[in-house]
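*Asks:* Next come a sequence and a model predicted from it.
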Amino acid sequence: MEKEKSKVKEQMAPEFTKEQILQASSFSKHIDIIDALLQADKRYTMEQVNGIVDGFLKGKVE
């Protein structure tokens, strides 16, 4: 039952295009990262974008 509730919450999260995310003031610090990593034809939740940015920032330099 708990898994079903989390799936419903996940599905209800609003999704945004790359262009909408690039215009959001909350991501202004990472606009270059977002522009490089997000695909123009996909939609993302804010949680997904935060995860992508955090993953990039915490990545190892080789």
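*Replies:* Sure thing, it's come through.
*Asks:* which stretches of this structure form helices?
*Replies:* Here the chain has its helices, by DSSP state H, at 2-12, 18-23, 31-37, 46-57.
*Asks:* what's the spacing between the residue nearest the centre of the chain and residue 39?
*Replies:* Nearest to the mean C-alpha position of the chain, by CA atoms, centre = their mean, lies residue 49 at 1.3 Å. Plainly put, residue 49 is 12 Å away from residue 39 if you go by CB to CB, to the nearest Å. Where you see a C-beta, it was placed from the backbone N, CA and C, and this is true even at glycine.
*Asks:* Is it possible to get a markdown table of the helices of the chain that adds mean pLDDT?
*Replies:* Converted to a markdown table, the helices of the chain look like this (pLDDT from 0 to 100):
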| stretch | mean pLDDT |
| --- | --- |
| helix 2-12 | 62 |
| helix 18-23 | 97 |
| helix 31-37 | 97 |
| helix 46-57 | 97 |
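*Asks:* give me every residue that touches the spatially closest residue to residue 30 that is not a sequence neighbour.
*Replies:* Using CB to CB, 6 or more residues apart in numbering and skipping the chain neighbours, the partner closest in space to residue 30 is residue 53 (5.0 Å). Shown in contact with residue 53 (CB atoms under 8 Å, 6 or more residues apart in numbering): 27, 30, 33-34, 37.
*Asks:* How much space separates residue 53 from residue 12?
*Replies:* Residue 53 is 22 Å from residue 12, by CB to CB.
*Asks:* cool, and residue 26?
*Replies:* To residue 12, residue 26 is 20 Å away according to CB to CB.
*Asks:* Could you work out the most separated pair of the contacts of residue 53?
*Replies:* 27 and 37 (11.5 Å; CB to CB).
*Asks:* Between the two, tell me which one has more neighbours.
*Replies:* Between residue 27 and residue 37, counted using other CB atoms under 10 Å, the more crowded position is residue 27 (17 against 14).
*Asks:* Enumerate every residue touching that one.
*Replies:* With contact set as CB under 8 Å, 6+ apart, residue 27 has these partners: 21, 34, 49, 53.
*Asks:* residues in contact with the residue lying closest to residue 13 once chain neighbours are set aside?
*Replies:* Nearest residue to residue 13, sequence neighbours excluded (CB to CB, 6+ apart): residue 45, at 4.3 Å. Contact partners of residue 45, counting by CB under 8 Å, 6+ apart, are 13-16.
*Asks:* Sounds good, over and out.
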